[in-house]
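**Student:** here's my sequence, what's the structure:
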Amino acid sequence: MKVRAQIPNYATINKRTLASRWRSLVKSPLSLILFCLVVLSAVIAAGMILFIIAYILVMGLPSLSLEMFSWKFTTENCSMLPALINTLIMIAATLIIAVPIGIFSAIYLVEYAKKGNRLVSLIRLTTETLSGIPSIIFGLFGNILFVEAFGWRYSLLAGILTLAIMVLPLIIRTTEEALLSVPDLYREGSFGLGAGKLRTVFRIVLPSAAPGILAGIVLAIGRIVGESAALVFTSGSGTRIATSPMDSAGTLSVFMYMLMDEGLSMDAAYAVAAVLLVFVFVINIISGLLTRRMEKKTR
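**Tutor:** Numbers count the residues shown, from 1 in each chain. All right, here's what the predicted structure looks like:
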């Protein structure tokens, strides 16, 4: 009986905590008003997201057909399969370029650069500045450099390099924050066991920061999938599967924009939007499963 009496009743404690917080809110009218505004804002935001998802699915799913997944696009079938394959190629190629550069840059900034280094502060300033630049500016830059100056025209390679430049600041910043979140005790313990700097980074620090790095990569994938303004000026709106880096390649978002811009195939545009939405959901689910597995391994 004594042992039971010593065990705290967490349900009672939580009820008391909530009751005390509610009393403090009631006593202060300003706190109560701010609390109601915060709850109202959260409900409106969640409601808008659910409404947009439901609207896209209701309008898009009935318009889907097997003809929209044909290998070749025609004005009759409005096939999105070439655009879907081009999107997957764009994602894979962009990540192959941007992820190693972004991760190694973050490793240098966190693990090797001296504190107070002017170069580090300059790099962080430029990455934060680039993160806030609109995507259409990247598209104009890619058009001037890759399409016009290099003479590549509208090509898959021009779009890939433009997207790599665009998502690189995001990967650098998220990886840097993930590395900074790793406790210094991990590094000190590895050094104490005789491991070198490079071995500590790749065997101790990076595995511990892997969930945060993966989250940044997922955000980069989401930006690549939903990008259209930059790709219209670089990769073009080709409706065929790109078989060469110099072929014009339209992605799902560009394809949807073209269908809506013409105004003749709105049902097909809604169908592409529904597929794009499901595609993003699948990526988020897979990334969530991978993140949980990584967290279990690091524990």
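**Student:** every contact and neighbour count from this point should use C-alpha atoms.
**Tutor:** Noted.
**Student:** residue 136 touches residue 232, doesn't it?
**Tutor:** No - taking contact to mean C-alpha atoms under 8 Å, the distance of 9.1 Å between residue 136 and residue 232 leaves them out of contact.
**Student:** which of the two has more residues huddled nearby?
**Tutor:** Relative neighbour count places residue 232 above the other of residue 136 and residue 232, with 25 against 16, counting by other C-alpha atoms under 10 Å.
**Student:** now do the contacts for the more buried one.
**Tutor:** Under the criterion of C-alpha atoms under 8 Å, 6 or more residues apart in numbering, the contact partners of residue 232 comprise 139, 250, 254.
**Student:** against residue 119, how distant is residue 113?
**Tutor:** To residue 119, residue 113 is 9 Å away according to C-alpha to C-alpha, to the nearest Å.
**Student:** in what helix or strand does the nearest residue to residue 187 once chain neighbours are set aside lie?
**Tutor:** Residue nearest to residue 187 in three dimensions, not counting chain neighbours: residue 200, with 6.5 Å by C-alpha to C-alpha, 6 or more residues apart in numbering. Taking DSSP states H and E as the definition, residue 200 sits inside helix 197-200.
**Student:** pLDDT of that helix, averaged?
**Tutor:** pLDDT averaged over helix 197-200 equals 87, rounded to a whole number.
**Student:** repeat for stretch 242-252
**Tutor:** Stretch 242-252 shows a mean pLDDT of 88.
**Student:** same question, stretch 164-184
**Tutor:** If you average the pLDDT over stretch 164-184, you get 90.
**Student:** go on, stretch 262-271?
**Tutor:** Within the predicted structure, the mean pLDDT of stretch 262-271 is 79.
**Student:** return the set of buried residues in that stretch.
**Tutor:** Within stretch 262-271, the residues that qualify as buried are 265, 266, 267, 268, 269, 270, 271, counting by 16 or more other C-alpha atoms under 10 Å.
**Student:** measure residue 121 to residue 110 for me?
**Tutor:** From residue 121 over to residue 110 (counting by C-alpha to C-alpha), the distance is 12 Å.
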